[in-house]
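K.L.:
sequence and computational prediction follow.
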Amino acid sequence: MISAGQMRAARALLGIDQRQLAELSGLSVPTIQRMEASESVVRGNVDSLMKLVAALDQAGIELIGEGALSQGGGRGVRLKTLAASSGT
C-alpha cells in the first residue's frame, strides 16, 4: 500500500511534478491528482496502483510501510507516531 503523503514525498525526493509522475507510470495526470487527494491510503484500481509503485521503484524510491525497516539504507521519509513525536 502507498499513502498520498508517500506519493507527494516520493515526487519531492525525485524532484518531479504530477505530470512527470504520470508519464513515468503510464497513468493520466487526473489519476495522479486523484490518488494524491486521498485522505490516507491511495485509492485506485489494482492495475493503476501497480503501475505507480513500479514506476517509483524504477526511479529509485523505496516505499517503507508502517513499522518496517529500510533495508537499502538510502534516504527516506517517515512520519513519527504521535506518541514518539510528542516525547511520551
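P.N.:
Perfect, thanks for sending it.
K.L.:
how about residue 10, secondary structure?
P.N.:
Assigned by DSSP: H, G, I helix; E, B strand; the rest coil, the conformation of residue 10 is helix.
K.L.:
list the residues that contact it.
P.N.:
56, 59, 61, 63 (Cβ atoms under 8 Å, 6 or more residues apart in numbering). The C-beta positions use only the backbone N, C-alpha and C, and glycine is treated the same way.
K.L.:
what does residue 8 give?
P.N.:
Contacts of residue 8 (Cβ under 8 Å, 6+ apart): residue 36.
K.L.:
same deal with residue 57?
P.N.:
Taking Cβ under 8 Å, 6+ apart, one finds residue 63 in contact with residue 57.
K.L.:
hmm, which helix or strand of the chain has the shakiest average pLDDT?
P.N.:
helix 82-86 (a mean of 55; mean pLDDT, DSSP states H and E).
K.L.:
what helix or strand is residue 32 on?
P.N.:
Residue 32 is part of helix 29-36 when elements are defined by DSSP states H and E.
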